[in-house]
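>>> A predicted structure for the sequence below; I have some questions about it.
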Amino acid sequence: MRSLILFLFVVAPVLGSAWAQGEDQVKVDAETERIINRGLKYLAKYQAPNGSWQGRNEKERHYPIAMTAYALMAFQAAGHLPGEGEYGREVSLGVQYLLNSVSPEGLIGDKNNGQYMYFHGVSSIALAELYGQTSNPSIRTKLERLVRIIVSSQNEDGGWRYKPTATDADVSVTVLQVVALRAAKNGGLKVPQGTIDDAVNYVRSCYNKAKGGFSYQPGSGPGFARTAAAIYSLQVCGHYDDPLVREGSKYLFDNFGERQRWFTYGNFYAAPAQYMIGGETWRNWYGKIKGVIMSRVHNDGETSLWFENTSVGPTYETAINVMILAMPYQYVPLYQR
């Protein structure tokens, strides 16, 4: 069954799309694979008994739901599903923690933090991707509630903001909601096309024509992470060949900086965005980002981790870096056209 799922969601889309273009695909070399496995071992080592990832510093301990979602995505990117693979038990416990955290109304988030929809979005992505590969009915029941909250909290301009109320919007929160909707739709859940269309219009309104990048909100200045979030949003909404995607991709190459403040966060979106463009664009990007990630890894006994480039902490950074390094495995359906 697992091999059939992987073919339907991973191999078939690549074989049938223009993405491959007859070109050699990016591969994970032996040293990168070793670091991926050591990073997963680090994450597994610090999972809490209740299935969550609480992190190892005060900052991360404020965000157990978000940390759990990021960790689950890292395991999935390397092929570990609930009850399957070396870390099947850890993934199962993490999934159950997220499911237990969904309120009767369908909200999930770290309630003591004002950025509620950020956590709702990233948790919805993790659960939707796992549902797409497992068809677990217990995930679907909660996921449908999560999706209803996302749809109902879209504002009149087509975007989302930190609270589950339809007020203002920004591209940072919007990207998480549209990625979650796309993942849910891939899994067979109903998502209103009008919601997707309005989101596309909002993202386009954040484009800064003068500088070629995207802004946090319409009219403000463009930036690396904002641009990555915007073009990834357009892609998951089905606009792969939008000229703004190409413009945004160029902006990311032109503004790639190893010491930028939002490096890890920005590349959480930039890597899949460049991946979906494919070909030479993806090969160049993966080589560039892999070089930086591998140069920053810290070894701790039998584990590896990252902790120097974000104000959040090592759980967050390790999960995202493992996710990026593992993308050429093509285990994640969301990254396919």
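Arrived safely, thanks for sending. Residues are numbered from 1 along each chain as shown.

>>> from here on, contacts and neighbour counts on C-alpha atoms
Will do.

>>> let's check: the centremost residue of this structure is which one?
The residue lying closest to the centre of the chain (CA atoms, centre = their mean) is residue 268, at 6.0 Å.

>>> beyond the helix or strand of the chain with the lowest mean pLDDT, next helix or strand please.
Least confident helix or strand, the chain: helix 12-16 with a mean of 38, by mean pLDDT, DSSP states H and E. Remark: after helix 12-16, the chain's next helix or strand is helix 30-45, criterion DSSP states H and E.

>>> tell me which residues are up against the following helix or strand past that next one.
Following helix 30-45 in sequence order, the next helix or strand is helix 58-61 (DSSP H and E). Contacts of helix 58-61 from elsewhere in the structure, counted by CA atoms under 8 Å, 6 or more residues apart in numbering, are 54, 55, 67, 311, 312, 313, 315, 316.

>>> reformat the residues you listed as TSV; add pLDDT, secondary structure and distance to residue 166.
As requested, those are exported to TSV (pLDDT from 0 to 100; DSSP: H, G, I helix; E, B strand; the rest coil; distance: CA to CA, whole Å):
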residue	pLDDT	secondary structure	distance to residue 166
54	86	coil	30
55	76	coil	32
67	94	helix	26
311	66	coil	29
312	81	coil	28
313	89	coil	31
315	95	helix	31
316	94	helix	28
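
>>> looking at those residues, which two lie furthest apart in space?
Largest separation among the contacts of helix 58-61 by CA to CA: 54 and 311, giving 15.3 Å.

>>> show me which residues of stretch 317-332 are buried.
317-328, 330-332 (16 or more other CA atoms under 10 Å).

>>> just stretch 277-293 next, same as before
Here stretch 277-293 shows 277, 278, 279, 281, 282, 283, 285, 286, 289, 293 as buried, counting by 16+ other CA under 10 Å.

>>> distance from the chain centre to that stretch, please.
17 Å (CA atoms, centre = their mean, to the nearest Å).

>>> count of residues packed around residue 304?
Per other CA atoms under 10 Å, the neighbour tally for residue 304 reads 21.

>>> please verify my assumption that it contacts residue 39.
Yes: with contacts counted by CA atoms under 8 Å, residue 304 reaches residue 39, the gap being 4.8 Å.

>>> in helices, which of the buried residues of stretch 277-293 fall?
Counting by DSSP state H, the buried residues of stretch 277-293 place 277, 279, 281, 282, 283, 285, 286, 289, 293 in helices.

>>> show me what contacts residue 92?
81, 82, 83.

>>> give me the buried subset of those.
81, 82.

>>> please convert the contacts of residue 92 to JSON lines, extending it with pLDDT and secondary structure.
Formatted as JSON lines, those follow (pLDDT from 0 to 100; DSSP: H, G, I helix; E, B strand; the rest coil):
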{"residue": "81", "pLDDT": "96", "secondary structure": "strand"}
{"residue": "82", "pLDDT": "96", "secondary structure": "coil"}
{"residue": "83", "pLDDT": "95", "secondary structure": "coil"}
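
>>> a markdown table please, covering the contacts of residue 92 and showing distance to residue 181.
Shown next, in a markdown table, are these (distance: CA to CA, whole Å):
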| residue | distance to residue 181 |
| --- | --- |
| 81 | 21 |
| 82 | 22 |
| 83 | 25 |
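
>>> and the contacts of residue 92, which is closest to residue 224?
Nearest to residue 224 among the contacts of residue 92, with distances taken as CA to CA, is residue 81, at 31.9 Å.

>>> which residues touch that closest one?
75, 87, 88, 91, 92, 130, 134 are the contacts of residue 81 under CA under 8 Å, 6+ apart.

>>> pull the most distant pair out of the residues you listed.
87 and 134, at 15.4 Å, using CA to CA across these.

>>> next up, the contacts around residue 168.
155, 157, 159, 160, 161.

>>> that one: what secondary structure?
At residue 168 the chain is in coil, as set by DSSP: H, G, I helix; E, B strand; the rest coil.

>>> distance of it from residue 202?
According to CA to CA, to the nearest Å, residue 168 stands 11 Å off from residue 202.

>>> please report the distance of residue 241 from residue 278.
12 Å.

>>> right, I mislabeled it, should have said residue 162
Distance from residue 162 to residue 278, by CA to CA: 32 Å.

>>> try residue 254
18 Å.
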